[in-house]
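Asker: need a structure here:
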Amino acid sequence: MWEVIPDGFVPMADLVVENLTKQFPTRSGPVEVLRGISFQMNRGQSLAVVGPSGSGKSTLLHILGTLEPPSAGRVILDGVEPAQLRPQELAAFRNQKIGFVFQDAYLLPQCTVLENVLMPTLAQGSAKPQVVERAKELLDRVGLSDRLGHRPGELSGGQRQRVALARALINRPLLLLADEPTGNLDRTTADQIADLLLHLHQQEQMILIVVTHSLRLARRLHQVRQLDQGLLKELTEV
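Answerer: You can find the predicted model right below:
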């Protein structure tokens, strides 16, 4: 399910990560945060990445999400290497193929719940009727069909995260990346959001990668790996 890729070999997987490294310059020389990470995943699979703060978890997620380039190595998603795309092509690829859920929901306060969910679709112009129906369906699936006209300030933290989940799925992404999706929530609400995230993953059959400090959440995914000294390793205790 989750395999190391030999050098120079690119299997036919939906997501291929090959010899990924990331360095950041400092006054005393480059600091290597990621050191030759390789794995592959297909639709319907899920991976939790755990590790201490500063270990590079969010950096890995940002590279997978095409928000920043690797120093070396490559990411191939749906047969495309995003780093080779022009900026406008890359933005369109990210919009269509990748969904993001962060610790903070990052909803637009002036927009309604429905408008926030539709926001990723506006890159193609005004939302078509079938897209609006998709947004309403997703909001119904996350339990917010009675909140379509509400604004984020009228919602609880858990409700805002539900809106963020619906927004991340509106374009039917192949890859869903979640960075501490339950980090700001109390335990009961965190469990509810985890239930919803995994239920939607099962329904939509995308690739799910979650960065989390919560072993309670990590245990529920298909695979758990620890980012340690720039490498993804087997977690000794889960």
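
Asker: Please name the nearest non-neighbouring residue to residue 160.
Answerer: Spatial nearest neighbour of residue 160, excluding adjacent residues (CB to CB, 6 or more residues apart in numbering): residue 105 at 4.0 Å. Yep, even glycine has a C-beta here, placed from its N, CA and C like the rest.

Asker: so what's that neighbour scoring on pLDDT?
Answerer: If you check residue 105, the pLDDT there is 94.

Asker: For it, what is the enclosing helix or strand?
Answerer: In this assignment (DSSP states H and E), residue 105 forms part of neither any helix nor any strand.

Asker: ditto for residue 177
Answerer: Residue 177 is located in strand 175-179, with elements delineated by DSSP H and E.

Asker: Next: residue 49.
Answerer: Element membership of residue 49 [criterion: DSSP H and E] is strand 46-50.

Asker: hmm, who's touching that strand?
Answerer: Outside strand 46-50, the residues that touch it by CB atoms under 8 Å, 6 or more residues apart in numbering are 2, 39, 41, 57, 60-61, 198, 201, 207-213, 215, 217-227, 232, 235.

Asker: can you rerun that using 6 Å?
Answerer: Strand 46-50 has contacts (CB atoms under 6 Å, 6 or more residues apart in numbering) with 57, 208-211, 218, 221-227.

Asker: do the same with stretch 116-123
Answerer: Contacting residues not belonging to stretch 116-123 are listed as 95, 107-108, 127, 131, 135, 163, 166-167, 170-171 [CB under 6 Å, 6+ apart].

Asker: How about stretch 87-97?
Answerer: With contacts defined as CB under 6 Å, 6+ apart, stretch 87-97 is touched by 66, 77, 82, 85, 120, 123, 171, 173-174.

Asker: residue closest to the middle of this structure?
Answerer: residue 177 (0.7 Å; CA atoms, centre = their mean).

Asker: Correct me if wrong: it contacts residue 100.
Answerer: Yes - look at residue 177 against residue 100 with CB atoms under 6 Å: they come within range, at 5.5 Å.

Asker: any weak-confidence spans in this protein?
Answerer: Residue ranges of the chain with pLDDT under 70: 1-11, 236-238.

Asker: what's the single longest helix in it?
Answerer: Secondary structure of the chain per DSSP state H: the longest helix is helix 187-204.
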